[in-house]
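Asker: quick one: sequence and predicted model below, then my questions.
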Amino acid sequence: MSEENITRIYLEDKELILIGTAHVSKQSAEQVKEVIESERPDSVCIELDEQRYQSIMAGDRWKEMDIFKVIKQRKATFLLMNLVISSFQKRVAKQFGIKPGQEMIQGIESAREVGANLVLVDRNIQITFSRIWHGIGLWGKAKLLMQIFLSIFNDENISEEELEKLKSQDMLDAMLEDFTVSFPKLKVPLIDERDQYLAQKIKEAPGNKIVAVLGAAHVPGIKEEIRKDHDLAALSQLPDKSKVPKMIAWTIPLLILAVIGYTFYANRSAGVDQTMSWVLWNGLFSAMGALIAFGHPFTILTAFVVAPLSSLNPLVAAGWFAGIVEAYIRRPSVEDFENLTEDVFTIKGFWRNKVTRILLIVTLTNLGSTLGTVIGGADVIRLFIKNIQ
């Protein structure tokens, strides 16, 4: 058996065998099968969390998704990001005739065949995204979403050089690699913390002989962290929500209302101008987001009407209302859910599928409403200053 891509670590009474796999390589899957069958470990650790494991094992899970529940739980943007990453994976798979994650599937199957414990050792992807989201600020969030959305339009073939790079990364790392250059702090939640989490879970796996199937990029970090103790609870905590954004979220609407109210008192005509400015900037940008997503006319109208009001209440968002209206008018069919993983592969399919269109409407309407709030609020202040001089 070739020892290439295999790292053996002896830790007290345990032998840990790390297989550094290529996520887009058939050879990696074959090596995983060979190692597990020959070593017959007590446990097989897989670089997956429960959510991604269920995604692999239940390919038809989309049929059970409640789109209204997704919107109400504020998970539309998160789900959309997952689908875009799926689109990226499928583009690689189609070009090179491979199955992303094939080595993980092989690890799951081989663990069952030899009677080993299957241990999912990666951190919950929602926690990873939350910790990333928390650390990049408002501009960073906008830039990240833009970069991810632009990947939908990139239908160029992947070069052999880029493929080799992908072979040493997992798909999440590959998608966000360029972004970590602009935001170095991303490396901590995306790579460093996951290395610590993976190392701790691997050495806590039951038994004396453990095989771990990992993306090759994580092996050096795990080797460094495996002899240290890491607090899994701390690494799994959602970031504390600062009170400052919440205070700002309430202060701005109150300030806008106070400014408009005072202007109405001092100069009714100027107050009307301020109100119209606030309504038009919020409504138009929000409606534009729904329009770009090819929303139904009633959806676009809903975005226009709701945005000026929702922007004054941080507890609600225009995109939620627009998404729910779209879902009622153009309720996704079983076929839409069945075709979801294929439709996200193309630009046309992304906008044609009723599920992804609803997710786009929620996300783009909210982005438009945020932009409208900034511009509309600035114009309200401008008119206020102009009329008190």
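Answerer: Done, it's in. Computed from a prediction, not measured in an experiment: that's the story for all the values here. Numbering: from 1, shown residues only.

Asker: dihedrals phi and psi, residue 49?
Answerer: Per-residue torsions, residue 49: phi -100, psi 180 (degrees, to the nearest 10).

Asker: for it, give its distance to residue 124.
Answerer: Residue 49 is 5 Å from residue 124, where distance means Cβ to Cβ, to the nearest Å. (Glycine included, C-beta is placed from N, CA and C.)

Asker: now the strands: where do they sit in this structure?
Answerer: Under the criterion DSSP state E, the chain contains strands at 6-11, 14-21, 43-46, 117-120, 209-215.

Asker: next, the buried residues of the first one.
Answerer: Looking back up the chat, that one is strand 6-11. For strand 6-11, burial by neighbour count (16 or more other Cβ atoms under 10 Å) applies to 6, 7, 9.

Asker: what does stretch 295-305 give?
Answerer: Buried, per 16+ other Cβ under 10 Å, within stretch 295-305: 295, 296, 299, 300, 301, 302, 303, 304, 305.

Asker: residues in contact with residue 71?
Answerer: Residues near residue 71 by Cβ atoms under 8 Å, 6 or more residues apart in numbering: 320, 323, 324, 327, 358, 362.

Asker: thought the second one was touching residue 361?
Answerer: Right, residue 323. Yes: the pair residue 323 / residue 361 is scored as a contact, 5.2 Å apart, by Cβ atoms under 8 Å.

Asker: dump the contacts of residue 71 into JSON lines; add pLDDT, neighbour count and distance to residue 384 as well.
Answerer: Putting those into JSON lines (pLDDT from 0 to 100; neighbours: other Cβ atoms under 10 Å; distance: Cβ to Cβ, whole Å) gives the following:
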{"residue": "320", "pLDDT": "89", "neighbour count": "18", "distance to residue 384": "30"}
{"residue": "323", "pLDDT": "91", "neighbour count": "32", "distance to residue 384": "34"}
{"residue": "324", "pLDDT": "91", "neighbour count": "19", "distance to residue 384": "35"}
{"residue": "327", "pLDDT": "89", "neighbour count": "22", "distance to residue 384": "39"}
{"residue": "358", "pLDDT": "89", "neighbour count": "29", "distance to residue 384": "38"}
{"residue": "362", "pLDDT": "90", "neighbour count": "32", "distance to residue 384": "32"}
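
Asker: ok, back up a step: look at residue 49 and residue 124 and report which has more neighbours.
Answerer: Taking neighbours as other Cβ atoms under 10 Å, residue 49 and residue 124 compare with residue 49 leading, 19 against 16.

Asker: measure that one to residue 331 for me?
Answerer: As judged by Cβ to Cβ, residue 49 and residue 331 stand 31 Å apart.

Asker: look up how far residue 289 lies from the closest residue in space to residue 302 that isn't next to it in sequence.
Answerer: Leaving aside its sequence neighbours, residue 302 sits nearest to residue 325 (Cβ to Cβ, 6 or more residues apart in numbering; 4.6 Å). As judged by Cβ to Cβ, residue 325 and residue 289 stand 14 Å apart.

Asker: also residue 50?
Answerer: Noted for residue 50: a distance of 33 Å to residue 289, by Cβ to Cβ.

Asker: compare these two (neighbour count), which wins?
Answerer: Under the criterion of other Cβ under 10 Å, the comparison of residue 50 against residue 289 puts residue 289 first, with 28 against 11.

Asker: show me where pLDDT drops low in the stretch 51-200 of the chain?
Answerer: Applying pLDDT under 70 to the stretch 51-200 of the chain picks out residues 58-66, 73-75, 77-78, 81-100, 135, 137-185.

Asker: switch to 90 and redo it
Answerer: By pLDDT under 90, the weakly predicted segments of the stretch 51-200 of the chain are 51-105, 124-192.

Asker: got a list of what residue 33 touches?
Answerer: Residues in contact with residue 33, defined by Cβ under 8 Å, 6+ apart, are 106, 110.

Asker: okay, it and residue 57: tell me how far apart.
Answerer: Going from residue 33 to residue 57 by Cβ to Cβ gives 18 Å.

Asker: can you pull the contacts of residue 294?
Answerer: Residue 294 makes contact with 351, 357 under the criterion Cβ under 8 Å, 6+ apart.

Asker: from residue 351, how far out is it?
Answerer: Residue 294 is 6 Å from residue 351, where distance means Cβ to Cβ.

Asker: which one among the buried residues of strand 6-11 gets closest to residue 29?
Answerer: Nearest to residue 29 out of those is residue 6 (Cβ to Cβ; 14.6 Å).

Asker: bridged to the closest one, which residues?
Answerer: Assessed by DSSP bridges, residue 6 has beta-bridge partners residue 19.

Asker: that one reaches residue 17, doesn't it?
Answerer: Yes: with contacts counted by Cβ under 8 Å, residue 6 reaches residue 17, the gap being 6.4 Å.

Asker: who touches both of these two?
Answerer: Common neighbours of residue 6 and residue 17, using Cβ under 8 Å, 6+ apart, are residue 35.

Asker: so which residues of the stretch 251-389 of the chain form helices?
Answerer: For the stretch 251-389 of the chain, applying DSSP state H, counting those that start in this stretch gives helices covering 268-292, 297-310, 318-329, 334-338, 340-343, 347-352, 354-388.

Asker: tell me which of those helices sits most buried.
Answerer: helix 318-329 (a mean of 24; mean count of other Cβ atoms under 10 Å).
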